[in-house]
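Student: what's the 3D shape of this:
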Amino acid sequence: MERALGSGTDYSGDISTKIICMKIVGETYGVEIDYVEELIRITDENISFSSSIPHVRGVISLRGEVVPLLDLSVMFGLKKKDIDNEVVGKKGVVVRVGEGKGLFCIIADDIFILTDVSKIAISDSPKVGIKYVEMIKGIVRDEKTQENMIIVLDPMKILRKHRELSGIKTREESY
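Tutor: Residues are numbered from 1 along each chain as shown. Next up is the predicted model:
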């Protein structure tokens, strides 16, 4: 399996990857497929409870592991938590950071796969102008349409921010 971009590997060649894309509040975000555990539909049967932490909309049990449902639109400050905004029926991208170190599910309105994205086509993250810039790995343009911009997320930084916002104390781990 390929190592994720930013993992210390030199990608000077034209190596491609797949990006799982998510529509969240009208924007397209992506996560490299190396981080994706699975895609799910959130149902009444798999959601356990709601949460008082604004960006956590509940948890699910996935093969015996407790997985928080993260609402990135709230985490990124794109909208306030709306209690009436139903999570059931939405889709989820289950992401794993490192072996056994972190598992979470990103709630999405829609999910699609962007295939064969050149790793060198993922530009650096903008340094200013976006409130949640520290959680962005980079930006890529859909190579087929050349129109859609996909904001490629850094799962490790999302996990760290989630833990920080949730008050979860962990010893410093090297990812």
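Student: ranges for the strands of the protein?
Tutor: 16-24, 27-32, 36-41, 56-62, 65-70, 91-97, 102-108, 110-118, 123-124, 136-141, 149-153 (DSSP state E).
Student: In the sheet, which strands lie alongside the first one, parallel or antiparallel?
Tutor: It stands for strand 16-24. strand 27-32 (antiparallel), strand 110-118 (antiparallel) (DSSP bridges).
Student: Any idea which of those gets closest to E164?
Tutor: Taking CB to CB, strand 27-32 is the member of the strands paired with strand 16-24 nearest to E164, at 19.5 Å. In short, each C-beta sits where N, CA and C put it, glycine included.
Student: in that closest one, what counts as buried?
Tutor: 28-32 (16 or more other CB atoms under 10 Å).
Student: possible to save those residues as TSV with pLDDT?
Tutor: As requested, these are exported to TSV (pLDDT from 0 to 100):
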residue	pLDDT
T28	92
Y29	94
G30	94
V31	95
E32	92
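Student: what about the least confident helix or strand in the chain by mean pLDDT, distance to the chain center?
Tutor: Here the helix or strand of the chain ranked lowest by mean pLDDT, DSSP states H and E is strand 123-124, holding a mean of 76. Remark: strand 123-124 is offset 17 Å from the chain centroid, using CA atoms, centre = their mean, to the nearest Å.
Student: Which other helices and strands does it contact?
Tutor: strand 136-141 (3 or more CB pairs under 8 Å, 6 or more residues apart in numbering; DSSP states H and E).
Student: In CSV, could you pull the C-alpha coordinates for the strand it packs on?
Tutor: The C-alpha coordinates for strand 136-141 follow below in CSV (Å, rounded to 0.1, in the frame of the first residue of the first chain):
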residue,chain,number,x,y,z
ILE,A,136,-5.8,21.3,5.3
LYS,A,137,-3.1,19.3,3.6
GLY,A,138,-3.6,21.0,0.3
ILE,A,139,-5.9,21.8,-2.6
VAL,A,140,-6.3,19.8,-5.9
ARG,A,141,-8.3,20.5,-9.0
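Student: about what we covered before: for I107, state which of the buried residues of strand 27-32 is nearest.
Tutor: Using CB to CB, the buried residues of strand 27-32 come closest to I107 at Y29, 11.3 Å.
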